[in-house]
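A.B. asks: No letters, just coordinates:
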């Protein structure tokens with residue numbers, strides 16, 4: 001969202017974009033991806049002879065990292081037993097929180113609750129933060 005401050009000056013707002021669940025495994029993760037695909041969007045799924053990679057995003061319109069991560073945790077926790085075995089085989093299980101940078105407001109923050117952090121830890125996942133430059 002662009003806000004006009006003066007005639008020649010434009011400022012952009014810092015904003016939360018989304019949370020991507022990033023997975024990497026040397027083992028097959030096709031059952032896991034299929035289970036998650038029922039209620040999420042598979043942005044990327046690639047296999048080669050060395051590894052499998054997947055990037056998954058919520059289908060729901062989420063307004064905060066906390067809500068997005070909890071939604072994705074629910075999906076993971078509801079996977080089949082065989083899909084959960086594949087989850088455990090992943091060497092990377094990361095919630096990547098995406099933000100668009102900007103010049104306003106002066107201070108911007110988003111919080112994850114203690115319960116969400118415990119939930120992330122309980123399923124053996126990590127957190128990463130990605131900040132995208134403002135599109136020109």
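C.D. replies: Yep, it's here. Remember, predicted model here, so these are calculated numbers, not experimental data.
A.B. asks: The longest strand seen in the chain pairs with which strands, parallel or anti?
C.D. replies: With secondary structure taken from DSSP state E, the chain has its longest strand at strand 15-25. Partner strands and pairing direction for strand 15-25 (DSSP bridges) are strand 52-58 (antiparallel), strand 92-100 (antiparallel).
A.B. asks: how about CSV for those, with distance to residue 32 added?
C.D. replies: Just so you know, the C-beta spots here come from the backbone N, C-alpha and C atoms, and that holds for glycine as well. As requested, the strands paired with strand 15-25 are exported to CSV (distance: least, C-beta to C-beta, whole Å):
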stretch, distance to residue 32
strand 52-58, 8
strand 92-100, 10
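A.B. asks: Comparing those strands, which comes out most buried?
C.D. replies: strand 52-58 (a mean of 20; mean count of other C-beta atoms under 10 Å).
A.B. asks: And for the helix or strand following that one, what's in contact with it?
C.D. replies: Downstream of strand 52-58, the next assigned helix or strand under DSSP states H and E is helix 65-77. Residues outside helix 65-77 that contact it (C-beta atoms under 8 Å, 6 or more residues apart in numbering): 16, 18-19, 21, 35-36, 39-40, 56, 58, 60, 62, 84, 87, 95, 97, 110-113, 116, 119-120, 123.
A.B. asks: cool, and stretch 37-52?
C.D. replies: Defining contact as C-beta under 8 Å, 6+ apart, one finds that stretch 37-52 is touched by 20-21, 23-30, 33, 36, 53-59, 72, 75.
A.B. asks: Next, the buried residues of it.
C.D. replies: Residues of stretch 37-52 classed as buried by neighbour count (16 or more other C-beta atoms under 10 Å): 40, 45, 52.
A.B. asks: Would you reformat these as CSV and include distance to residue 102?
C.D. replies: CSV is the format used below for the buried residues of stretch 37-52 (distance: C-beta to C-beta, whole Å):
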residue, distance to residue 102
40, 28
45, 31
52, 35
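A.B. asks: Done for today, thanks.
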